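Undergrad: Predicted model and sequence below, questions to follow.
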Amino acid sequence: MPGPLSPLTRAVTYTRWLHLLVGAIVPIVCAMVHPGLVTPTAGDWALIAVLPVPLVLAAALVPSMRRAEGLQARLMLFPGPHARVRPGEDPEISAAPSASWSDRARTGAWMVLRMEAGLAVALVSGQLMALSLSLVGAATGDPGVADPFLQAPGTGWGYALLVPVPVLVLLAVAAAAGALMAQAARRLLGPSVRERLSELEERTERLLERNRIARELHDSLGHALTLAVVQAGAARAAADPEFTDRALEAIEETGRAALEDLEQVLLMLRDTGRPAGPRPALGEADRLLESARSSGAQVDAEVTGPLEDVPGPVSREGYRMLQEALTNVLRHAGPVDVRVRIAVEQARLRLEVRNQLAGAAAPAAGAGGGRGLRGIRERAALLGGEARAGQDGGGWLLRVDLPLR
């Protein structure tokens with residue numbers, strides 16, 4: 001449990017102190033011009049605090065000033081690699097340029113606050129350090145060793161016991177002022193509403209992309225593995241060398257296609273600088289149908305309408321839906337009769353996959369959908385369409401309806 005002196009052991013206490021002292025540079029430099037730093041009065045210090053405000057506010061109008069102040073605040077006001085505790089704390093400080101007048105106003109308020117607080121802390125630091133040196137002089141018999149606002153009368157080593165007191169007070173002031181400035185930075189330099197919305201949109205896009213990649217891997221690899229398992233089982237049951245050769249050839253072709261799909265997905269995940277190749281579309285549906293036929297299924301396909309007129313996203317998603325539908329047929333019903341209908345109408349793409357059921361077997365989608373059918377529904381919903389699946393007479397029917405515009 002941290003004690004009352006724990007701030008003294010934290011590096012961030014001293015970086016915050018330095019951050020405040022740096023903020024005092026502007027008024028100190030201005031004071032060198034007017035009214036000067038030779039025996040300034042209280043009125044002079046008030047003028048020194050007010051004189052640079054218009055200059056600071058004018059600088060805050062520059063959009064990049066918000067980024068500069070944000071980066072400084074992140075580095076010096078919050079624990080990070082330079083600190084020994086809480087290195088993972090999120091400062092919630094924006095490092096983007098000002099994008100609105102609200103951002104500029106908050107940046108201006110922050111810069112003025114930093115300047116005024118820095119000047120106050122610099123004055124307090126100077127006076128307390130001078131007091132500590134005065135106490136050292138009093139303890140050694142030379143009270144004139146410094147020129148503080150308070151002279152320590154007399155001599156004696158009893159003053160030596162008081163030397164650390166101003167230093168401890170100074171550190172306490174620095175720690176408290178630094179903590180308050182960190183809270184102010186969160187309010188004045190924190191992300192704006194527009195930045196938060198932009199970040200939320202980016203996070204949503206990343207999640208959607210991850211889900212899409214997961215569906216791609218599930219559909220492609222699941223299809224290839226299902227076909228390989230069905231074909232290998234059929235070859236072993238047939239005990240026919242010629243059939244076994246055909247099955248092995250089909251497994252090889254399916255595996256090669258799956259590896260190509262996997263490479264495309266991995267290219268999207270890697271930062272290689274190379275564009276990913278084209279994803280398969282409905283124009284390559286024959287490859288899926290032949291793979292299903294090679295597994296022993298009797299596939300009757302009917303394609304009406306121009307597939308080349310189907311928009312790219314709809315065509316690619318339609319291919320994956322057909323792939324998952326055939327995979328479900330082979331996985332749950334085995335090599336049975338399958339009827340596939342692909343119809344390109346004026347404004348709709350309709351996809352139907354109807355198959356017999358092996359006994360009482362049916363996909364696990366009857367009460368809400370298995371993972372594969374749930375993926376089909378998600379793909380259809382993202383395109384503004386609809387996918388329905390269920391028992392139809394003595395078979396199973398998947399019907400997908402997608403808009404083309």
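TA: Perfect, I can see it now. Remember, predicted model here, so these are calculated numbers, not experimental data.
Undergrad: So, low pLDDT: which residues of the stretch 251-400 of the chain?
TA: In the predicted model of the stretch 251-400 of the chain, residues 261, 264-278, 358-371 satisfy pLDDT under 70.
Undergrad: hey, where'd the helices end up in it?
TA: In the stretch 251-400 of the chain, the helices defined using DSSP state H, counting those that start in this stretch lie at 285-294, 312-332, 371-382.
Undergrad: So which of those helices has the densest surroundings on average?
TA: Most buried of those, by mean neighbour count (mean count of other C-beta atoms under 10 Å): helix 312-332, with a mean of 23. C-beta here means a position set from N, CA and C on the backbone, and glycine is covered the same way.
Undergrad: ok and it relative to helix 371-382, angle-wise?
TA: Here the directions of helix 312-332 and helix 371-382 differ by 160 degrees (axes from the mean of the first three to the mean of the last three C-alpha atoms, to 10 degrees).
Undergrad: Would you map the strands across the protein?
TA: Assigned by DSSP state E, the chain shows strands spanning 298-304, 337-344, 348-356, 386-392, 395-403.
Undergrad: which residues sit against the last one?
TA: Yep, that's strand 395-403 we're talking about. 314, 317-318, 321, 325, 328-329, 332-333, 347-357, 362-363, 373, 376, 380, 383-391 (C-beta atoms under 8 Å, 6 or more residues apart in numbering).
Undergrad: Show me which positions of that strand end up buried.
TA: By 16 or more other C-beta atoms under 10 Å, the buried positions in strand 395-403 come out as 395-396, 398-400, 402.
Undergrad: got these as a markdown table, with distance to residue 68 columns?
TA: Below are the buried residues of strand 395-403 laid out as a markdown table (distance: C-beta to C-beta, whole Å):
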| residue | distance to residue 68 |
| --- | --- |
| 395 | 68 |
| 396 | 63 |
| 398 | 58 |
| 399 | 59 |
| 400 | 54 |
| 402 | 50 |
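Undergrad: quick check, nearest of those residues to residue 186?
TA: Of all these, residue 186 sits closest to residue 402, with 46.6 Å by C-beta to C-beta.
Undergrad: where's the closest one relative to residue 395, distance?
TA: 23 Å (C-beta to C-beta, to the nearest Å).
Undergrad: now do residue 338
TA: 9 Å.
Undergrad: Also residue 228?
TA: Note on residue 228: its distance to residue 395, by C-beta to C-beta, is 25 Å.
Undergrad: likewise residue 112?
TA: Separation of residue 112 from residue 395 (C-beta to C-beta): 75 Å.
Undergrad: try residue 65
TA: Here the criterion is C-beta to C-beta. By it, residue 65 lies 69 Å from residue 395.
Undergrad: How about residue 191?
TA: Distance, residue 191 to residue 395, using C-beta to C-beta: 55 Å.
Undergrad: Between residue 338 and residue 395, which contacts overlap?
TA: Shared contacts of residue 338 and residue 395, defined by C-beta under 8 Å, 6+ apart, comprise 354-355.
Undergrad: pLDDT score assigned to the residue nearest the centre of the chain?
TA: Central residue of the chain (C-alpha atoms, centre = their mean): residue 203, 5.2 Å from the mean position. Looking at residue 203, its pLDDT reads 71.
Undergrad: likewise the one 4 residues further on?
TA: Per-residue confidence for residue 207 comes out at a pLDDT of 69.
Undergrad: same check, this time on residue 176
TA: Among the per-residue scores, residue 176 shows a pLDDT of 93.
Undergrad: do the same with the one 10 residues further on
TA: Residue 186 is assigned 89 on the pLDDT scale.
Undergrad: try the one 10 residues further on
TA: Predicted confidence (pLDDT) at residue 196: the value is 71.
Undergrad: residues near it, how many?
TA: For residue 196, the neighbour count with other C-beta atoms under 10 Å is 13.
Undergrad: what about residue 6, neighbour count?
TA: By other C-beta under 10 Å, neighbour count at residue 6 equals 12.
Undergrad: do the same with residue 194
TA: By the criterion of other C-beta under 10 Å, residue 194 has 13 neighbours.
Undergrad: Not counting sequence-adjacent ones, nearest residue to residue 61?
TA: Spatial nearest neighbour of residue 61, chain neighbours left out: residue 104 (5.5 Å); criterion: C-beta to C-beta, 6 or more residues apart in numbering.
Undergrad: So the one you found sits against residue 58, correct?
TA: No. With contact defined as C-beta atoms under 8 Å, residue 104 does not count as touching residue 58 (10.6 Å).
Undergrad: Comparing these two, which shows the higher neighbour count?
TA: A side-by-side neighbour count of residue 104 and residue 58, using other C-beta under 10 Å, places residue 104 first with 19 against 11.
Undergrad: if I pick the more buried one, what's in contact with it?
TA: 60-61, 63, 66, 98.
Undergrad: how far away is it from residue 68?
TA: For residue 104, the distance to residue 68 equals 13 Å [C-beta to C-beta].
Undergrad: Look at residue 86 and report its pLDDT.
TA: So, for residue 86, pLDDT stands at 47.
Undergrad: ditto for residue 118
TA: At residue 118, pLDDT is 94.
Undergrad: What count of nearby residues applies to the residue lying closest to it once chain neighbours are set aside?
TA: Closest residue to residue 118 apart from its sequence neighbours, by C-beta to C-beta, 6+ apart: residue 23 at 2.8 Å. When neighbours are counted by other C-beta under 10 Å, residue 23 registers 24.
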